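# Generate coordinates for the sequence data below:
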Amino acid sequence: MPPSSDLFTPAFGLGNPHLQTLWGPLWRPTTHLERQRERLWLADGDFLDLDWHGPHDAQAPLVLVLHGLTGSSNSPYVAGLQKALAAQGWASAALNWRGCSGEPNLLARSYHSGASEDLAAAIAHLRAKRPLAPLYAVGYSLGGNVLLKHLGETGAASGLQGAAAVSVPFRLDQCADRIGLGFSRIYQKHFMREMLAYIRVKQSRFLQDGRAEGLKTLEALGSLEKMRTFWDFDGRVTAPLHGFLSAEDYYRRASSRYYLGDIRTPTLIIQAADDPFVFAHSLPEASELSACTEFELTAKGGHVGFVDGSLKQPSYYLERRIPAWLLTQTTPHL
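Sure thing, here's the model as predicted:
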């Protein structure tokens, strides 16, 4: 499907996809929010942390916000969306995947691009906590992939009234290749440094806390040295920790592109054609999408960028478009 230049126009001077991608983490001022943290204990004894913002009204629409790889609820795009949702009277809960809330998780396993079981647990928890609130979810990058996978796996029983996914790595194997090319190797180096640090911090914490079983599992992975690519990390860490046979097996079972046709929840996908993490041929064809899915492909925007306005007064397309689209999915009370 051809990209549209009508949907989003980048700020003058920010037409380059890398400037779009790097603006949020490097130059966007911090969005300060008052949030309440809740710990959700999982059936396997581990935990997820949720950061709540917005009205406490039991019937106010509620949005579960899912961050990307090595992000957290403090990622600029998460806090920005939560602020925008609160401005229209909606509540939100930003999920921190396992070990991403500033405290190592308790098990050797971590989070990954196919961890839809953790998303399902969070959705069930929110539905039980606020049963009168219409529930939606928004996922970015890895979070968008997990969300689309969940929607396809569960069909009409997703637990959500609507969903939006942004900058999705639809084919994880191809994205692992793409991020190793050209300037994108800078992102690969950053992610590898962060992911390896995540494992090393957990090893130190397990040693300190006397968690022998978890420590043994992590030590069984072998040396963490000489890992340079996603293929290295996912083959030597992600796959063995999470029951996959190999990086190839993980990528095949976790890639959201294979689940899109089974989605039965109204879903908006926002993707930029110049995303430096995603090949053009990794994007789904129109025939792969279910009838309830809207796919917006912009010509520009980078990876979770979509910065418009001007350099002096930047604004954020996603924080207007997503709340506005979610409003169209609400069912009026008679």
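# Which residue, neighbours along the chain excluded, lies closest to S75?
Leaving out its chain neighbours, the residue that sits closest to S75 by CB to CB, 6 or more residues apart in numbering is H67, at 4.9 Å. Yep, even glycine has a C-beta here, placed from its N, CA and C like the rest.
# And the strands in the stretch 1-150 of the chain?
36-41, 47-53, 62-66, 91-96, 135-140 (DSSP state E, counting those that start in this stretch).
# Serialize these to a markdown table and add fields for mean pLDDT, distance to F8 and mean neighbour count.
As requested, the strands of the stretch 1-150 of the chain are arranged in a markdown table below (pLDDT from 0 to 100; distance: least, CB to CB, whole Å; neighbours: other CB atoms under 10 Å):
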| stretch | mean pLDDT | distance to F8 | mean neighbour count |
| --- | --- | --- | --- |
| strand 36-41 | 98 | 33 | 13 |
| strand 47-53 | 98 | 25 | 21 |
| strand 62-66 | 99 | 20 | 27 |
| strand 91-96 | 98 | 23 | 26 |
| strand 135-140 | 98 | 16 | 27 |
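# could I get these as a markdown table with distance to G305?
Shown next, in a markdown table, are those (distance: least, CB to CB, whole Å):
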| stretch | distance to G305 |
| --- | --- |
| strand 36-41 | 28 |
| strand 47-53 | 23 |
| strand 62-66 | 17 |
| strand 91-96 | 19 |
| strand 135-140 | 11 |
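# and of these, who's closest to E194?
Closest to E194 of the strands of the stretch 1-150 of the chain is strand 91-96 (CB to CB; 14.5 Å).
# which residue sits closest to L318 in space, ignoring its chain neighbours?
F306 (5.0 Å).
# Could you measure from that neighbour over to S73?
Distance, F306 to S73, by CB to CB, to the nearest Å: 20 Å.
# next one: G143
G143 is 11 Å from S73, by CB to CB.
# before we move on, the earlier item: for the residue nearest to S75, list the residues it contacts.
73, 75, 77-78, 94-97, 100, 140-143 (CB atoms under 8 Å, 6 or more residues apart in numbering).
# 7 Å instead?
73, 75, 78, 140, 143 (CB atoms under 7 Å, 6 or more residues apart in numbering).
# got the contact list for whatever helix or strand E294 lives in?
Per DSSP states H and E, E294 falls inside strand 293-298. The set of residues external to strand 293-298 that reach it, using CB under 7 Å, 6+ apart, is 1, 3-4, 7-8, 260, 263, 267-273, 289.
# try 6 Å this time
Strand 293-298 has contacts (CB atoms under 6 Å, 6 or more residues apart in numbering) with 1, 3, 7-8, 263, 267-273, 289.
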